[in-house]
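Enquirer: Build the 3D model from these lines:
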Amino acid sequence: MDELKKRENANFFKFMSNYTITLPEETYKTLLEIAKEQGLTPENWIASQILKKQSEEKLLSEQIGDLIGAIDSQTEPYHQFKKTDFGEQIATKLSKQGLQRP
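Expert: Okay, here's the model as predicted:
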């Protein structure tokens, strides 16, 4: 996340009401360490995780947008078989068993 985004996120949460949460000592130490590694306060790190989760949810619809559609099963597809040596060997073997390509 670039610096401008971090500041925008931090400013967004400053206008909200303040609440206090109680964390076990180990949890707080871990939170403080992770936030410090990323150059954030614990408050801003939590806020960035919430915003990140919200943006991931929005991106899911964008990711599957191209996959939504319909298949017309009424028309018969036109398959063009490309002959290869391997394919011909298999076709020969199958024809000996009485099976042929359509």
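Enquirer: Quick check: which ranges of the protein have low pLDDT?
Expert: 1-16, 54-61, 70-74, 76-79, 102 (pLDDT under 70).
Enquirer: where along it do the strands fall?
Expert: Here the chain has no strands by DSSP state E.
Enquirer: Can you list the residue ranges for helices in it?
Expert: 3-14, 25-37, 42-64, 85-96 (DSSP state H).
Enquirer: List the residues that contact residue 95.
Expert: Neighbouring residues of residue 95 by Cβ atoms under 8 Å, 6 or more residues apart in numbering: there are none. (Glycine included, C-beta is placed from N, CA and C.)
Enquirer: can you check residue 34 too?
Expert: residue 45.
Enquirer: do that again at 10 Å, thanks
Expert: 40, 42, 45, 49 (Cβ atoms under 10 Å, 6 or more residues apart in numbering).
Enquirer: For ChimeraX, write a command that selects the buried ones of those.
Expert: Of the contacts of residue 34, the buried ones can be selected in ChimeraX as follows, counting by 16 or more other Cβ atoms under 10 Å:
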select :40,45
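Enquirer: I'd like to know which of the contacts of residue 34 is nearest to residue 75.
Expert: If you rank those by distance to residue 75 using Cβ to Cβ, residue 49 comes first, at 48.9 Å.
Enquirer: if I look at the closest one, how far off is residue 100?
Expert: Residue 49 is 61 Å from residue 100, where distance means Cβ to Cβ, to the nearest Å.
Enquirer: Could you dump the contacts of residue 34 into CSV with distance to residue 23 added?
Expert: Formatted as CSV, these follow (distance: Cβ to Cβ, whole Å):
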residue, distance to residue 23
40, 16
42, 9
45, 13
49, 14
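Enquirer: For residue 31, state which of the contacts of residue 34 is nearest.
Expert: residue 42 (5.0 Å).
Enquirer: so what's that closest one up against?
Expert: Neighbour list for residue 42: 23, 28, 31-36 [criterion: Cβ under 10 Å, 6+ apart].
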